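Colleague: output the structure for:
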Amino acid sequence: AAGRYTIMVMFGEQEIPKSPFTIQVEPSGDANKVRAEGPGLEPTGVVTGKPTHFTVHTRGAGEGKLDLDFVGPSRGGGAKDVDIVDNKDESYTVNYTPVAAGPMNGNVNYAGRPIPKSPFKVNVAPPVDLSKVKVDGLGEKVIVNQEKEF
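Modeller: All right, here's what the predicted structure looks like:
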């Protein structure tokens with residue numbers, strides 16, 4: 001438990017010099033009370049090279065450090081430009097950009113322990129190449145603001 005403690009250190013039934021020692025034990029956070037949500041943690045909808053984000057809620061979890069690790073299909077990690085913003089309301093916004101298409105794990109830890117549902121499994125999609133999109137069946141003329149089947 002957190003608080004101030006006095007520790008007496010004995011050797012051969014005698015107290016060592018400078019004993020007893022007084023220490024302060026700080027409260028530690030409870031990772032089980034932390035939750036994360038947002039588009040950057042969804043199983044689908046995350047695209048290579050496109051910035052995304054999610055929110056980590058720590059209200060009621062106590063003091064602790066937020067740690068992140070993105071593990072993707074490519075060497076060097078699954079994300080770049082990772083930025084953790086303290087919202088000053090017991091929540092954090094995490095911004096990142098996925099670097100490669102394929103399965104990625106988002107590991108979210110608080111006070112040194114994984115939060116519920118971590119690692120988050122995200123399937124990063126490749127970017128859409130609009131130069132490869134073809135449309136057939138429009139005919140010669142299309143009128144603005146009128147539906148056209150093709």
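
Colleague: skipping adjacent residues, who's closest to residue 82 in space?
Modeller: In this structure, residue 82 finds its nearest non-sequential neighbour in residue 96, 4.6 Å apart by CB to CB, 6 or more residues apart in numbering. All C-beta atoms are positioned from the backbone trio N, CA, C, and that covers glycine.

Colleague: give me the low-pLDDT residue ranges for this structure?
Modeller: Within the chain, the ranges that satisfy pLDDT under 70 run 1-2, 27, 76, 150.

Colleague: coming back round to it: residues near the residue nearest to residue 82, how many?
Modeller: For residue 96, the neighbour count with other CB atoms under 10 Å is 22.

Colleague: and if you look at residue 61?
Modeller: For residue 61, the number of neighbouring residues by other CB under 10 Å comes to 20.

Colleague: residue 122 now?
Modeller: Neighbours of residue 122 under the rule other CB under 10 Å: 26.

Colleague: returning to what we had before: residues in contact with the helix or strand harbouring the residue nearest to residue 82?
Modeller: Using DSSP states H and E, residue 96 sits within strand 91-98. With CB atoms under 8 Å, 6 or more residues apart in numbering as the test, strand 91-98 has contacts from 36, 40, 46-59, 66, 68, 70, 72, 78-87, 104, 122, 124.
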